[in-house]
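A.B. asks: Here is a sequence with its predicted model. Questions after.
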Amino acid sequence: MRLKHIKLVGFKSFVDPTKVPFPDQMTCVVGPNGCGKSNVIDAVRWVLGESSAKNLRGDAMSDVIFNGSSARKPVSQASVELVFDNSSGRIQGEYAAFNEISVKRLVTRDGQSNYFLNGSRCRRRDITDLFLGTGLGPRSYAIIEQGMISRLIESRPQELRVFIEEAAGISKYKERRKETENRMLHTRENLERLSDVREELGQQLEKLERQAAAAIRYKELKASERRFKGELQALRWLKLDNQRQQLQAQYAEQQTELERWQAQQSGDELGAIELKEQAEEARDKVEQSQEKMFSVGNEITRIEQTLKHQQELKEQRSQRQQQLNEEIEQLNEQLADDRLQREQLEEQQLMLEPQLEQVEEQLERVSEQSQQANEQWRQWQQQQRQHQQQQRDVEKQRQQAQLKLQELKQSQQYALQQVEQLHSRQQDLQQQEQALSVDENEQALVELKRQLEQEETWYQHSKDQLQKLQQAFKEQQEQHRQTQQQQDKAQAQLTAIEQLLEGKQNNDSRSERWIQEKYPDNLKVRELLQAESGWEMAVEQLAYDWLDAVVLEQAPEDTQAVSGVKLIWPASAQEPESWSLANKVKGPLRYWAPLQQCLAIDQEASVRQQLQQSEASFAVSKAGNWYWQDGFIAARVDEDNSVLHLQTQRQKLLEQLESLAARLSESEAQLEQTQTKVEQAQEQLEQVQEQVQQTRNQQGKVEERLQWNMQQAEQIQQQLANVQDKQQEQQLHAESSAEQQQQIEMQLEEFESMLEQTEQVDEDFGEQLESKVRAEDEQLQQLRSQQQQMTLQQQNLQAQAAQLQKLLQRSEQRYQQLLQERSEQQAADTDENQDALDERLTELLDKRGEVAEQLQEQRQQLSRLEHDLQQITQGQSAIQSKIGQAKEAMQTTEIEQVKLQERSQAVLETLAETGLTLKSILEELSSEADEKQWQQDLESIQSKIKRLGAINLAAIDEAEAQRERKQYLDQQVDDLSSALETLEAAIRKIDKETRHRFKTTFDAINHDLQILFPKVFGGGSATLELTDDDLLETGVTIMARPPGKKNSTIHLLSGGEKALTALSLVFAIFRLNPAPFCLLDEVDAPLDDANVGRFCRLVSEMSESVQFIYISHNKVAMEMATHLAGVTMQEAGVSRLVAVDVEQAVAMTDAG
C-alpha cells in the first residue's frame, strides 16, 4: 500500500486545485522557507482526522481555509484528498477488494467538517478504523515533523507506549476494549435500572395478585350464585309444571264427564226422535182409517199444547212480575231511607259549619289577644332590664367621673411643670435637628435602590438563563445517553451478524490463499448476489453451494486449481425468461445459467403443472424449497440464518450506526458547547450575585444611617408636639370633666326618684300581665282542642255522605233496571193473541166431540207416546244443567292453567337473565334437589360475596400483564447478565491478546533498535525498558549510549544525538510494522554532514519496504530522492507545485 497523490483545494496557501504526485518510493519536497512545504504534511495529518487546531499550526479549525491575500479573496471551503494504491491488499475489511482507496475531508467557514471514503460520506471514526493497525494516524510515528523528534525522545513513558502499541497493531484492540468497557458500563446501568423496576414491579404484582385472587373468588362465587339462581328457578318451574300436569289431568277428567253427559243427551234425543216416529206412524194409521178425524184431533192436540205452553210462560212472567214489584218496593224504601239519612247528614254538616267558623273566629281572636299579652309581657320585662341597666350605668359613670376628676387635677399640675422643662428641651432639639443630614442620605438611598433594582433584574435574568441552560444540558445528556444505548445495541447486533457471516465463509485457508494470489481483485458470489425483497431464500437456496465461488468476467485459461476452489463466469448476455428466477436478481449474476434455468414460483400448490408449462428443468419457491418433476429438496437454511438476509441486516445496521455516530458527534459538540455556556452562566451569575450583595450591604448601611437620623428628627418633633398637645388636652379634660360630673349627678338624682316611683307600679302591672297571659293561653288551648274535635267530626260526616252518595247511585241504577225489566214483561203479556186461540180451540173441541168415539183408542196411544216424550224432554233439562256445570268447571281449570303458564313464563324469563338454559340445568340438576335448601345455599353465597367487599375485576388482566412484563424483565436481566459475562470474557481475551502482542512487539523493536542504533551512530548502544510489570499499563523508556559516552538518560544527549536516536527508534518500528508511508519534515536539520550521510543511507535502505516523503533543505538529502516536488510562491500568499523526476532528468542530461 502506498500514497499515490494528494489533491489540495483551498487548503492554507494552496488556494488553486493542486495535485501532489508521489510516483516513487522516495519523494523530496523542496522550496524556500515560508513557501508552504509543511502545509503538505499538515494536509495529510488533517485528512487522517486531526481535530486540534494547535497541531495544525493554527488557532481555529477554520484557519486551514485560505484566508485571502493582497490579490485574492478568501475562499469559503477547503478540501484535501489522499489517494492510496491498495493493490497489495494492506487494507482489510470491506475495502480490501478495492485497488484504489480515496480519503477526503472538506471543511467550510462555519466549522462543519465532512469526511468521504471512496466518494461516499462517512464518519471520522470510519477513517480512524480504516487505518487502525497500519501505523497511520494524525499523531502516529509515520508523521515526523519539526520538533516531533524531541517530543518523541522526551515523551513520557505512557506517550512512548502509544508508538509501540501502534506498531503492535493493538490500538484497534484498545479501541474495542474501550468500547466494550463503555458497553459494560451501560449494561450495568441498565441492569441496575431493570433491577429497580423489577423490584417495584414485584411489589405491584404481589398486590395485584391478592386483588386478582379476590376477583377470581368473586367470579367463582358469582358463577355459583348464577348457577344456584338458575337451579332455583328450574326447581320452581318443575313445581309449576307438576301443578300444570295435574290441572291437565283434571281437565281431561272434566272433559270426559262433559262428553259422557253430551253422549247421554244425544241418546235421549235419539229416543225422542224414535218416539216421535212411532207417534207419526200411529197418526198415519189413524189417517188411513179416519183421516178427517185424525186431522181434527191432531189440530186440537197442537192447540192445546200451544195454550199450555203459553199458560206456563204467563205463570212464569207473573211470578217474575211479582218479584220485580217486591224488589222495586224494597228499593223505594231503601232509597227513601238513604235520602233521609243523606238529608240528616247534610243538616248536621250545615249545623256544624257555623259552629266551626265561630270556634275558629274565637280561636283567632283569643290567639291575637294572647300574642298581645305576651308581647306586653316581653316589653315590660325589657323595660325592667333597661331600667336596672340604666341605674347601674349611671352609678358606674358617677364613680368614674369622681375618679377622673381627681386624676385630671393631678395631671394638670404635672403638665404645668412639664411645659417649663420641655420649653428648654425644645431649643436643644431644634439645634440637633439642624445638624442632621437627612436629605443627603435620602438622595444616596434613592440612587442605591435604582442600582439594586437593575442588578437584581440582571441577576434574575442570569439565573433564568442558567436554569434554561442546565435544563437543556440535562436533556442533551439524556438524548446523548439514549443515542449511545442505541449505538451499543446496534453495534452488538452488527458484531453478532458479522460473526455469523464469518462463520459462513469458506474456512479452507489453502483455497483462500490460492484465490487471493490468482484473483485478488475479483469478488465472490456472496458479495455480488442481490435479490429482490422476499426472494432471498429462493436465490440463496439455489446458490447455497456457490456462495464462496469467485465471479470471473470470462472463462479462465487455466482451470487447474486447488481442491475446494469454486469459479463461475456468467457468460450469457441473454435477458432471462419471464418465469426465470434470474428476474429476481440484480447485477451481473442475473446472467448466470442456473438462475436463468430455474423457475420462480410464488405458490407451491401447482408446482408440477408450472414446470410442465415452462421450459425450466427445476423450480425454487419463495420459501427456498427446490422442486423437480420427480424430486423435492426442502430449504436448507431458515430466514434468520440466510446470508443474504444477514447481509441486508448488516447494511441496515451500518447505515444506522453511521447515522447514530453523526448524531453522537453532533450531540457531543452540543454538550461541550452547552457545558461551556453553563459554566460561563454560573460564573456570571456568581459575579452578579456578589455585586447584588455588595449593593445590598451598602444600601443597608445607608438605610440604617438615614433611619437613625429620621427617627431622631421625628422624636424631637413628636416630643415638642406631645408637650403642647398634652397641656391643651389636660386643661380641656379638666373643664369638661367637671361639667360632666355635675350633669351625671343631676341625672342620677332624677333617675333614682323616677325609679322609686315606678318600681311599685311596674310590679303590679307585671303581675296583672302574667295572670292575663296564663288565662289567654288556657283559653287558647281549649279552643284549639275544640276546633280539632269539630274538624274530625266534619271529616267523618263528609266521608259518610260520600259513601251514602255512592250507595244511592247504585240503588237508583238498580231501580231503573228493574223498572225497565217490568215494562218488558208487561209488554210481552199484551202481545199474546190469547182470544184467537180460545176461539179456535172451542171450534176444535166441538169438532172433536163429534169424532171422540172414533179416535179414543188412537188418542190414548198418542197420549202415551207424548207422555214418554215429555219425560225425555224433562230429562234433557237436567242433562243440560249437568253439561253447563261441566263446562264451568273446565273454564275454571283453563283459567288455572293460564295462571300457571304465566307464572312458568315469568320463571323462565328470570332464568334467561342468568344466561343459562332450562335444558342444560335440568340435565345436570340432582334428583334430590330441594327448593328450600337451594334458597339457603343461595343466601349463603350472596353473604360471602357481600363479605368480599369492593372488588377490582380488572386486577386479573392487570396481574397477568404485570406478570408477563416481569417475566420479560427477568429475561432482560438474564440477557444483560449473559451479555455482561460475554463482554467480560471478551475483555479478558483482548487483554490476553494485547499482552502477547505488546510483549512480542516490544522485544522485536528493542532488538531492531539495538541493531540500528550502532549503524546510525557508528557504535554505541540503545535499549528500551518497561516501567512496570503490568504489560497493559506499563510505560516505555529509552536508554541510549552514543560511542565513547557513559550510560546516561536521553535528556542529556545533544540535539543531533536525540534526532538520530529518534530516527533509530522510528526505523526500528518501521522494520517491524512498516506504515504505508513515512513523512519527514526537516528532521535532518540538526544533523551535520556526516550524520546526514548516515541518515540518508538508512532511509535508502528502509525505502525498499516503506514509501518516504520528506522535506529537506540539505543537498545530500535532496540527491537521495528519486522524485523532487518543488513548492514555490511566485504570487504572494499562494503556493504552487513544480514536480521533477530526477532519474528522467539525469537521463535527459546524459542524452544531451
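C.D. replies: Nice, thanks for sending it over. Please read these numbers as outputs of a predicted model, since none were measured by experiment. Residues are numbered from 1 along each chain as shown.

A.B. asks: Show me where the stretch 151-300 of the chain has its strands.
C.D. replies: Taking DSSP state E, counting those that start in this stretch as the criterion, the stretch 151-300 of the chain contains no strands.

A.B. asks: Where does pLDDT dip in it?
C.D. replies: Scanning the stretch 151-300 of the chain with the threshold set as pLDDT under 70 gives 171-172, 282-298.

A.B. asks: what's the answer for the stretch 501-650 of the chain, then?
C.D. replies: 501-534, 536-575, 577-578, 581-584, 586-597, 603-613, 615-617, 621-646.

A.B. asks: Name the spans of the stretch 1001-1150 of the chain whose pLDDT lies under the cut-off.
C.D. replies: Checking the stretch 1001-1150 of the chain against pLDDT under 70 turns up 1047-1049, 1139-1150.

A.B. asks: what are the ranges of the helices in it?
C.D. replies: Ranges of helices within the stretch 1001-1150 of the chain are 1055-1072, 1089-1102, 1115-1120, 1142-1151, based on DSSP state H, counting those that start in this stretch.

A.B. asks: so residue 8 sits in a strand?
C.D. replies: Yes. Using DSSP: H, G, I helix; E, B strand; the rest coil, the assignment for residue 8 is a strand.

A.B. asks: Go ahead and confirm it touches residue 20.
C.D. replies: Yes. Counting by C-beta atoms under 8 Å, residue 20 is a contact partner of residue 8 at 7.1 Å. The way it works is simple: take the backbone N, C-alpha and C, and place the C-beta from them, glycine included.

A.B. asks: Identify the contacts common to those two.
C.D. replies: Listed contacts common to residue 8 and residue 20 are residue 40; contacts here mean C-beta atoms under 8 Å, 6 or more residues apart in numbering.

A.B. asks: In TSV, list the helices of the stretch 1001-1150 of the chain along with distance to residue 226 and mean neighbour count.
C.D. replies: TSV is the format used below for the helices of the stretch 1001-1150 of the chain (distance: least, C-beta to C-beta, whole Å; neighbours: other C-beta atoms under 10 Å):
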stretch	distance to residue 226	mean neighbour count
helix 1055-1072	88	23
helix 1089-1102	97	17
helix 1115-1120	105	16
helix 1142-1151	107	10
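
A.B. asks: quick one: the helices in the stretch 151-300 of the chain?
C.D. replies: 157-168, 171-435.

A.B. asks: Which strands and helices lie in contact with the shortest one?
C.D. replies: The one in question is helix 157-168. helix 171-435, helix 955-1017, strand 1036-1041, helix 1055-1072 (3 or more C-beta pairs under 8 Å, 6 or more residues apart in numbering; DSSP states H and E).

A.B. asks: one more time with 7 Å
C.D. replies: Helices and strands touching helix 157-168, by 3 or more C-beta pairs under 7 Å, 6 or more residues apart in numbering; DSSP states H and E, are helix 955-1017, strand 1036-1041, helix 1055-1072.

A.B. asks: can you put those in TSV and add distance to residue 48?
C.D. replies: TSV is the format used below for the helices and strands packed on helix 157-168 (distance: least, C-beta to C-beta, whole Å):
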stretch	distance to residue 48
helix 955-1017	22
strand 1036-1041	23
helix 1055-1072	17
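
A.B. asks: right, so those: which one is the most enclosed?
C.D. replies: Comparing the helices and strands packed on helix 157-168 by mean neighbour count (mean count of other C-beta atoms under 10 Å), helix 1055-1072 ranks first with a mean of 23.

A.B. asks: contact partners of that one?
C.D. replies: 141, 144, 149-150, 152-153, 163, 167, 1001, 1004-1005, 1008-1009, 1012-1013, 1016-1017, 1022, 1038, 1040, 1042, 1050, 1053, 1078, 1083, 1086-1088, 1091, 1095, 1098, 1102, 1106 (C-beta atoms under 7 Å, 6 or more residues apart in numbering).

A.B. asks: Please repeat the previous calculation with a cut-off of 6 Å.
C.D. replies: Contacts with helix 1055-1072, where a contact means C-beta atoms under 6 Å, 6 or more residues apart in numbering, come from 141, 149-150, 152-153, 167, 1004-1005, 1008-1009, 1012-1013, 1016, 1040, 1042, 1086-1087, 1091, 1102, 1106.

A.B. asks: Pull the CA coordinates from it and hand them back as CSV.
C.D. replies: Provided in CSV are the C-alpha atoms of helix 1055-1072 (Å, rounded to 0.1, in the frame of the first residue of the first chain):
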residue,chain,number,x,y,z
GLY,A,1055,20.0,17.8,19.7
GLY,A,1056,21.6,15.8,16.9
GLU,A,1057,22.0,12.8,19.1
LYS,A,1058,18.4,13.0,20.1
ALA,A,1059,17.4,13.2,16.5
LEU,A,1060,19.4,10.2,15.5
THR,A,1061,18.1,8.2,18.5
ALA,A,1062,14.5,9.1,17.5
LEU,A,1063,15.2,8.1,13.9
SER,A,1064,16.7,4.8,15.1
LEU,A,1065,13.6,4.1,17.1
VAL,A,1066,11.2,5.1,14.3
PHE,A,1067,13.0,2.9,11.8
ALA,A,1068,13.1,0.1,14.3
ILE,A,1069,9.3,0.4,14.5
PHE,A,1070,9.1,0.6,10.7
ARG,A,1071,11.1,-2.6,10.3
LEU,A,1072,8.6,-4.4,12.5
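
A.B. asks: by how many degrees do it and helix 955-1017 diverge?
C.D. replies: 120 degrees (axes from the mean of the first three to the mean of the last three C-alpha atoms, to 10 degrees).

A.B. asks: could you redo the helices of the stretch 1001-1150 of the chain as CSV and give each row distance to residue 661?
C.D. replies: Below are those laid out as CSV (distance: least, C-beta to C-beta, whole Å):
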stretch, distance to residue 661
helix 1055-1072, 30
helix 1089-1102, 37
helix 1115-1120, 42
helix 1142-1151, 44
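
A.B. asks: returning to what we had before: so which of residue 8 and residue 20 has more stuff around it?
C.D. replies: residue 8 (25 against 20; other C-beta atoms under 10 Å).

A.B. asks: who are the neighbours of the helix or strand residue 870 falls within, in terms of helices and strands?
C.D. replies: Taking DSSP states H and E as the definition, residue 870 sits inside helix 852-913. Helices and strands touching helix 852-913, by 3 or more C-beta pairs under 6 Å, 6 or more residues apart in numbering; DSSP states H and E, are helix 171-435.

A.B. asks: now for the helix it packs on, which elements pack on it?
C.D. replies: Against helix 171-435 (3+ C-beta pairs under 6 Å, 6+ apart) you get helix 438-504, helix 643-831, helix 834-850, helix 852-913, helix 918-924, helix 931-948, helix 955-1017.

A.B. asks: Residue 1 contacts residue 1076, doesn't it?
C.D. replies: Yes. In terms of C-beta atoms under 6 Å, residue 1 counts as a neighbour of residue 1076; the distance is 4.2 Å.

A.B. asks: Need the residues touching each of these two.
C.D. replies: By C-beta under 6 Å, 6+ apart, no residue touches both residue 1 and residue 1076.

A.B. asks: The nearest residue to residue 984 once chain neighbours are set aside: neighbour count?
C.D. replies: Spatially, and ignoring its direct neighbours in sequence, residue 984 is nearest to residue 184 (7.1 Å; C-beta to C-beta, 6 or more residues apart in numbering). Number of residues near residue 184 (other C-beta under 10 Å) recorded here: 19.

A.B. asks: what do you get for the one 4 residues further on?
C.D. replies: Other residues within reach of residue 188, judged by other C-beta under 10 Å, total 13.

A.B. asks: And the nearest residue to it once chain neighbours are set aside, how far from residue 986?
C.D. replies: Excluding its sequence neighbours, the residue lying closest to residue 188 (C-beta to C-beta, 6+ apart) is residue 980, at 6.9 Å. With the distance defined as C-beta to C-beta, to the nearest Å, residue 980 ends up 11 Å from residue 986.
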